[in-house]
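Structure of the sequence below:
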Amino acid sequence: WTYQLYANDVWQVSRGLSLSYGIRWEPWMPESFLSGNTSAFDPTRFAQGLTSTVIAGGPPGFTYPGDPGFPNGKTGSYTQWSLWAPHAGIAWDPFGNGKTSIRASYSMSNGQYGMHYRDDEGQEAPWNRQGGVQVPQGTSTTRGSFDNPWSGNPGGIDPVPFTPGTFAPYSEVIGIPYHLPVENVGTWNFAVQRQFGNNWVIAASYVGSETSHVFGSQEVNPAVTTVNLDGTGGELPLCPTGTPVTVVTCLSAANVNYRRILNLKYPGTLSAPNQWGSIGVDSPYGTASYNGLMLTAEHRLSSHFNIHANWTWSHCISDFDAEPQSQPGGSAHYNNPNNRRYDRGACDTDSRYILNLTGVAEMPTFGDRKVLNAFVSGWSLAPIFQRNSGLPMDVVISSGSDQALDGINGYTKGLYLQRPNCVPGVNPYLNPSRGGLYLNPAAFSIPASGSGLAGLGNCPFNGLHGEAFWRFDAALTRKIKVRESQN
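I've put the predicted structure just below:
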């Protein structure tokens with residue numbers, strides 16, 4: 001259930017000045033899971049190393065229905081009652097002749113999470129099993145093969161069958177905080193519009209917005225790449241060939257799960273070692289901003305033609321812009337769990353310049369010339385032209401490569417989308433003719449393997465842009481009058 005109330009009023013201050021204002025109350029009441037297949041994450045319990053008393057084997061900080069302090073029955077998050085969204089606007093005709101208008105407004109809105117935000121949580125441990133082969137398959141004894149596909153897993157453990165309510169070794173786990181703030185968007189605009197003659201109108205508009213509580217995901221159980229757990233003591237060396245996967249004093253793709261920080265901090269016992277895998281905690285603390293200028297000119301339909309043109313210059317920046325296959329609550333983590341701003345850059349939809357031209361031209365009628373009207377009149381042509389600047393591009397190291405060896409999944413589930421270094425002074429664009437390379441491979445270099453968080457590439461997220469593109473459409477139509485008669 002959800003409830004919303006709103007109030008709105010318009011005040012006509014004078015003939016040429018009006019004010020509108022209002023407020024909306026829109027509390028968020030999270031869904032309850034009748035099955036009980038849900039969990040919650042408490043950073044205080046995590047820091048204290050406290051685990052669940054209901055489900056054994058869970059990582060620190062996680063609670064489940066029935067645990068002391070688990071919020072809101074079978075919900076896992078607290079209800080938010082104090083969510084208010086005010087709005088206000090002004091419209092002014094400064095000359096009182098109806099040909100000039102100045103408008104400004106501000107509004108705030110709050111998001112509402114649907115059931116999907118806990119999808120991954122219910123699909124992963126302890127309710128389900130996600131994972132599989134932890135390293136690329138091959139033919140050696142330490143990597144999976146068709147004869148023994150799970151030999152690449154630590155200990156060669158077969159993840160099937162799986163018993164619900166338990167944690168298979170190195171399972172992925174998703175955590176959602178007790179206090180889950182909803183996304184909040186503040187939007188403002190200022191516009192000036194002027195009519196010239198009877199048919200021409202021009203306008204200039206500025207639109208801005210600021211979004212808070214943008215969803216991301218923070219890895220709280222990364223693989224340690226330094227001598228000490230607190231990130232000090234220098235980077236560990238790469239493991240020599242043939243090193244057992246249980247050795248954690250060097251770096252390799254095979255020992256990532258053994259190097260995860262919780263497994264080192266809370267090793268368990270020799271007979272029952274802790275085997276925790278990737279742990280992603282929802283981090284709804286990102287921000288995004290948008291600023292845009294739109295210039296518009298329009299000729300209203302008269303003399304058998306209409307023209308509308310607008311040009312937009314804008315920029316959108318976000319801390320986290322998840323790929324379409326990712327979602328809140330998913331295993332799509334910031335590349336640097338200690339700095340979400342490392343993944344701050346242009347939004348995926350950030351097209352800086354957009355030009356739109358549309359029009360309608362109609363054939364006139366020719367008095368009483370019936371034959372000419374029958375074949376020529378009634379036709380109209382409506383062309384549409386659009387030109388966009390190129391969309392942002394995120395340059396990454398080949399998909400699936402954990403160059404830092406830190407075990408942190410990137411934006412796309414199961415893949416490590418780490419970025420390379422940008423070589424100073426080298427133009428990343430080749431400006432090719434059609435069919436050639438667009439980007440210059442010499443403008444990028446791959447960080448050293450096993451460099452950890454300190455060696456993440458310096459190329460910015462969505463720091464490059466694709467080529468501009470244009471689109472043209474046209475519609476040719478004809479109106480045919482159909483008459484009826486009665487006897």
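
Other residues contacting stretch 42-56?
The contact list for stretch 42-56, computed with Cβ atoms under 8 Å, 6 or more residues apart in numbering, reads 58-69, 126, 165, 177-178, 220, 265-266. Bear in mind the C-beta positions are built from the backbone N, C-alpha and C, glycine included.

same check, this time on stretch 235-248
142, 154, 224-227, 249-252, 254-255, 258-259, 264, 449-452, 454-455.

tell me which residues in that stretch are buried?
235-236, 239, 243, 245, 248 (16 or more other Cβ atoms under 10 Å).

so after the worst-scoring helix or strand of the chain on mean pLDDT, what's the next helix or strand?
Sorting the helices and strands of the chain by mean pLDDT, DSSP states H and E puts helix 119-123 at the bottom, at a mean of 71. Going down the chain from helix 119-123, the next helix or strand is strand 171-175, by DSSP states H and E.

Show me what that next one pairs with in its sheet, parallel or antiparallel.
The pairing partners recorded for strand 171-175 under DSSP bridges are strand 276-282 (parallel).

quick one: buried residues of the very next helix or strand once past the strand it pairs with?
Following strand 276-282 in sequence order, the next helix or strand is strand 286-302 (DSSP H and E). Of all the residues in strand 286-302, those buried under the rule 16+ other Cβ under 10 Å are 286-290, 292, 294, 296, 298-299.

In JSON lines, list those residues along with pLDDT and distance to Gly390.
Shown next, in JSON lines, are the buried residues of strand 286-302 (pLDDT from 0 to 100; distance: Cβ to Cβ, whole Å):
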{"residue": "Gly286", "pLDDT": "89", "distance to Gly390": "24"}
{"residue": "Thr287", "pLDDT": "92", "distance to Gly390": "25"}
{"residue": "Ala288", "pLDDT": "93", "distance to Gly390": "20"}
{"residue": "Ser289", "pLDDT": "96", "distance to Gly390": "21"}
{"residue": "Tyr290", "pLDDT": "96", "distance to Gly390": "18"}
{"residue": "Gly292", "pLDDT": "98", "distance to Gly390": "17"}
{"residue": "Met294", "pLDDT": "97", "distance to Gly390": "20"}
{"residue": "Thr296", "pLDDT": "97", "distance to Gly390": "23"}
{"residue": "Glu298", "pLDDT": "94", "distance to Gly390": "28"}
{"residue": "His299", "pLDDT": "89", "distance to Gly390": "30"}
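
can you give me the strands for the stretch 351-487 of the chain?
Counting by DSSP state E, counting those that start in this stretch, the stretch 351-487 of the chain has strands at residues 353-362, 379-388, 392-393, 421-422, 444-445, 464-465, 469-478.

Out of the ones you listed, which one sits most buried?
Ranked by mean neighbour count, these are led by strand 392-393 with a mean of 19 (mean count of other Cβ atoms under 10 Å).

how about the nearest residue to Trp127, chain neighbours excluded?
Residue nearest to Trp127 in three dimensions, not counting chain neighbours: Asn37, with 4.5 Å by Cβ to Cβ, 6 or more residues apart in numbering.

now the end-to-end length of stretch 61-75.
17 Å (Cα to Cα, to the nearest Å).

and that stretch, how far from the chain's centre?
How far stretch 61-75 lies from its chain's middle: 28 Å, per Cα atoms, centre = their mean, to the nearest Å.

Give the buried residues for that stretch.
61-65, 67, 70-71, 74-75.

ditto for stretch 74-87
For stretch 74-87, by 16+ other Cβ under 10 Å, it's 74-78, 80, 83, 85, 87.

Surely Tyr78 touches His179?
Yes: between Tyr78 and His179 there is a contact under Cβ atoms under 8 Å: 5.9 Å.

follow-up on the earlier one: can you list the buried residues of stretch 61-75 in TSV and add pLDDT, secondary structure and distance to Asn8?
Listed next are the buried residues of stretch 61-75 as TSV, based on pLDDT from 0 to 100; DSSP: H, G, I helix; E, B strand; the rest coil; distance: Cβ to Cβ, whole Å:
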residue	pLDDT	secondary structure	distance to Asn8
Gly61	92	coil	44
Phe62	92	strand	44
Thr63	92	strand	42
Tyr64	90	coil	43
Pro65	90	coil	41
Asp67	92	coil	44
Phe70	91	coil	39
Pro71	89	coil	34
Lys74	86	coil	37
Thr75	86	coil	32
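
out of those, who's nearest Asp319?
Sorting the buried residues of stretch 61-75 by distance to Asp319 puts Gly61 at the head of the list, at 23.0 Å, by Cβ to Cβ.

pLDDT weak spots in the stretch 151-300 of the chain?
Within the stretch 151-300 of the chain, the ranges that satisfy pLDDT under 70 run 151-162, 270-271.

90 - rerun?
Residue ranges of the stretch 151-300 of the chain with pLDDT under 90: 151-183, 197-199, 214-219, 225-226, 229-235, 241-242, 245-246, 253-254, 266-286, 299-300.

Distance of the nearest residue to Pro284 once chain neighbours are set aside relative to Ile279?
With Cβ to Cβ, 6+ apart as the criterion, Pro284 has its nearest non-adjacent residue at 4.6 Å, and that residue is His213. Using Cβ to Cβ, to the nearest Å, His213 is found at 21 Å from Ile279.

The two: which has the busier surroundings?
The neighbour comparison of His213 against Ile279 (other Cβ atoms under 10 Å) goes to Ile279, with 27 against 18.

which residues touch that one?
If you count contacts by Cβ under 8 Å, 6+ apart, Ile279 has them with 59, 172-173, 175, 219-221, 262.

which residues of the protein fall in helices?
For the chain, applying DSSP state H gives helices covering 43-48, 119-123, 261-265, 370-375.

closest to Asn306 out of those helices?
helix 370-375 (21.6 Å).

any residues touching the closest one, and which ones?
By Cβ under 8 Å, 6+ apart, helix 370-375 touches 365-366.

And the buried residues of strand 286-302, which is closest to Arg483?
If you rank these by distance to Arg483 using Cβ to Cβ, His299 comes first, at 32.5 Å.

Excluding sequence neighbours, find me the nearest residue to the closest one.
Closest to His299 by Cβ to Cβ, 6+ apart is Ile307, at 4.3 Å.

Same question for Thr63.
Distances taken as Cβ to Cβ, 6+ apart place Phe70 nearest to Thr63, at 4.6 Å, with adjacent residues excluded.

for that neighbour, what are its contacts?
Applying Cβ under 8 Å, 6+ apart, one finds that Phe70 lies in contact with 40, 63-64, 76.

hmm, 10 Å instead?
38-40, 42, 52, 54, 62-64, 76, 178 (Cβ atoms under 10 Å, 6 or more residues apart in numbering).

How about Leu251?
223-226, 235-239, 243, 259, 404-406, 449-452.

How confident was the prediction at Gly49?
Here the pLDDT value assigned to Gly49 is 89.

Give the burial count for it, as a bare number.
12.

Low-confidence regions, the stretch 351-487 of the chain specifically.
Low-confidence segments of the stretch 351-487 of the chain, defined by pLDDT under 90: 362-379, 394-419, 430-438, 447-456, 467, 478-487.
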